[in-house]
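J.: Below: sequence and its predicted model.
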Amino acid sequence: NIQNEYGILEPRCFQIIHQPILDGDGNVIGVLSLLVETTDQFRSKQLIQDRKQWLEAVLDHLPVGLLMVEKQTGKITLMNDLAKKMMGEDFSLERPTREYDEVFHLFNLDGKRLLFDEYPSTRVAKGESVNDEIVRLVTLKDEFFVNVNSDFIPAMYGQDAAVIISFHDITLAKRSELALAKSRKDLRVSETRLFLAVEASQLGFWECSLLTYECQWSEVYRKQFNFPEGKYGGQQSETIEKIHPDDREQIVDRLAVCIVERMPFDFIFRIIGAEERIAWMECRGHFQFDESGVPIITIGTCLDVSETKKVQYELQEAKEKAERANEAKSAFLANMSHEIRTPLTAIMGYSELLRENDLEEKERIEFIAIINRNGRALTKLIEDILDLSKVEAGKLVTENNNFPIHSLLADVIYIFTDEAKKKGIALSFSTDASVPAFITTDSVRLRQILVNIIGNAVKFTNAGHVTVRAGCVNSEGTSCVLNIE
């Protein structure tokens, strides 16, 4: 420290140079010392060092990453703090260029990995311009979207030519942009799927303002209510006019109730569609109210349920038909139970009488004949029941055969003779001369018919007599209509 002209001590710098003094024989005989003041040189060097540190601090505080790359080798020679953070702790300026590929990669926005010749620094070194180019930087631990700008710095001040690269981290903005693009794409896909689903479901959508009674509707709704092509809106009254007159007042009243009770609606009604065709519509929807409770909008859907209604009607008809058939079956079986008991009672009764030892031979023969006759009748009744099962299974067939009609009539009359006697009524039959001795038809079915007719006559006659008469009418050649009453 040396006192200046103002009496203030200030630091001064000196360089001391020592030089040996030699004699003629080369022996050191003394030392020559030279004291050179270097204060100005030291201060200049310190100033340069300070400015270098200041410049590095400025670069480190830049909001962008900054790299300096040698033109010839592609080696990174300078990095600011933000660049170091983005490149990661695994990267350093001492790392050889050949090892760069081990710690980071660059990709374009299409996802293609960039080769070294495609790097922005390499392209600038070849004379290209790189301005606002977006690439994806992938390090060992992270990845970034960066906006890259690069320029060439020629050799100057003793420094080799280099490429300066600045990159701005736009990861958040880019990810938001990509997320928004994906959301828009997903929305378009969802809208497409919704449109296809709506078309497939055949749901007609509509919305109506309860302040202006202006309505808007979808294409399906337009077709359902047979509005003109391209007409997707109109007055509420236009829709109401399409409702069947018999349903119109009821629908309006029910809507009014739903508004008062603030409840959704769901009802089925008829509309008059194209070519005056009646269609059944299922309408569902709800009302929206303002803060004061006034209804302002109604929104809903309509579905053509005509086919469902048709199926329901057919099912109801089939159900009623099945119930009638079941009732007829029950009645038939009830009648059969009565008809079975009649010959069965006769068989059991006359079987008991045959045990009597004092029966005459004539009586025994008559009793056996009665048992035999009622046995055949019981067999036929059982065949009737089996035929009913065949009818239900669709397997009943008719079989024509030639047989004596008088004998068949007599057999059926004999079946009910005992029952008629017990009731105290006379049972007889007569045949007209027009009835041939033999006829050709299904004897089994004819016998079933006669058993039912004559059995009912005896069953429901409490006094008097039952007479069965047979005759032929409308005879033509070998054919005639057999009339039995």
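T.: Structure's in. What do you need?

J.: Over to Pro120: give its phi and psi.
T.: With angles defined as degrees, to the nearest 10, Pro120 sits at phi -50, psi -40.

J.: Just to check, it is in contact with Val130?
T.: Yes. In this structure, Pro120 is within contact of Val130 by Cβ atoms under 8 Å, at 4.4 Å. Glycine gets a C-beta too; all of them are placed from N, C-alpha and C.

J.: out of those two, which sits in the busier spot?
T.: Taking other Cβ atoms under 10 Å, Pro120 and Val130 do not tie; Pro120 has more neighbours (24 against 17).

J.: The more buried one: what's it in contact with?
T.: Val130, Glu133, Val135, Val148, Ser150, Ile165 (Cβ atoms under 8 Å, 6 or more residues apart in numbering).

J.: now, which of those residues sits nearest Glu37?
T.: Ile165 (44.4 Å; Cβ to Cβ).

J.: hey, where'd the strands end up in the stretch 1-150 of the chain?
T.: Per DSSP state E, counting those that start in this stretch, the stretch 1-150 of the chain carries strands over the ranges 2-3, 9-10, 14-22, 28-37, 65-70, 76-79, 104-107, 130-139, 143-153.

J.: what helix or strand is the one residue sitting closest to the centre of the chain on?
T.: Centrality entry for the chain: nearest residue to the mean C-alpha point is Ala197, 8.0 Å, by Cα atoms, centre = their mean. Here Ala197, judged by DSSP states H and E, is contained in helix 171-201.

J.: Off-centre distance for that helix?
T.: Chain-centre distance of helix 171-201: 19 Å, with Cα atoms, centre = their mean, to the nearest Å.

J.: just checking, what packs against it?
T.: Counting contacts by 3 or more Cβ pairs under 8 Å, 6 or more residues apart in numbering; DSSP states H and E, helix 171-201 is packed against strand 143-153.

J.: neighbours around Ala181, how many?
T.: Neighbours around Ala181, by other Cβ under 10 Å: 10.

J.: That should have said Leu35, apologies.
T.: Leu35 has 8 nearby residues by other Cβ under 10 Å.

J.: hang on, it packs against Phe14?
T.: Yes. Leu35 lies in contact with Phe14 (Cβ under 8 Å); the separation is 5.5 Å.

J.: Quick check on Cys208: phi, psi?
T.: Dihedral angles (degrees, to the nearest 10) for Cys208: phi -140, psi 130.

J.: meant to ask about Gly273, not that
T.: phi -100, psi -150.

J.: number of nearby residues for it?
T.: Applying other Cβ under 10 Å, we find 17 residues neighbouring Gly273.

J.: What distance do you get for it to Gln236?
T.: As judged by Cβ to Cβ, to the nearest Å, Gly273 and Gln236 stand 18 Å apart.

J.: before we move on, what about Ala457?
T.: From Ala457 across to Gln236, the span is 69 Å (Cβ to Cβ).

J.: again, but for Ala331
T.: Here Ala331 is placed at a distance of 56 Å from Gln236 (Cβ to Cβ).

J.: ends of stretch 84-94, how far apart?
T.: 13 Å (Cα to Cα, to the nearest Å).

J.: residues in contact with that stretch?
T.: 65, 76-79, 103-104, 137, 139-142, 144, 146, 167, 169.

J.: Check which residues of it are buried.
T.: Residues of stretch 84-94 classed as buried by neighbour count (16 or more other Cβ atoms under 10 Å): Lys84, Met86, Met87, Phe91.

J.: same question, stretch 298-314
T.: Across stretch 298-314, burial judged by 16+ other Cβ under 10 Å covers Thr298, Gly300, Thr301, Cys302, Leu303, Asp304, Ser306, Lys309.

J.: related to what we said a few turns ago, deepest of the strands of the stretch 1-150 of the chain, which one?
T.: strand 65-70 (a mean of 20; mean count of other Cβ atoms under 10 Å).

J.: returning to that earlier point: turn the contacts of Pro120 into TSV, including distance to His286.
T.: Formatted as TSV, those follow (distance: Cβ to Cβ, whole Å):
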residue	distance to His286
Val130	59
Glu133	54
Val135	52
Val148	55
Ser150	61
Ile165	61
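
J.: could you dump stretch 301-315 to CSV, C-alpha only?
T.: Only the C-alpha atoms of stretch 301-315 are listed here, as CSV (Å, rounded to 0.1, in the frame of the first residue of the first chain):
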residue,chain,number,x,y,z
THR,A,301,-87.0,-37.1,-26.6
CYS,A,302,-89.5,-39.0,-28.7
LEU,A,303,-89.3,-42.7,-29.6
ASP,A,304,-91.5,-44.4,-32.2
VAL,A,305,-92.9,-47.4,-30.3
SER,A,306,-95.5,-48.5,-32.9
GLU,A,307,-93.8,-51.9,-33.3
THR,A,308,-93.7,-52.4,-29.6
LYS,A,309,-97.4,-51.5,-29.4
LYS,A,310,-98.2,-53.9,-32.2
VAL,A,311,-96.3,-56.7,-30.4
GLN,A,312,-98.1,-55.9,-27.2
TYR,A,313,-101.5,-56.1,-29.0
GLU,A,314,-100.5,-59.4,-30.6
LEU,A,315,-99.4,-60.8,-27.3
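
J.: Good, we can wrap up now.
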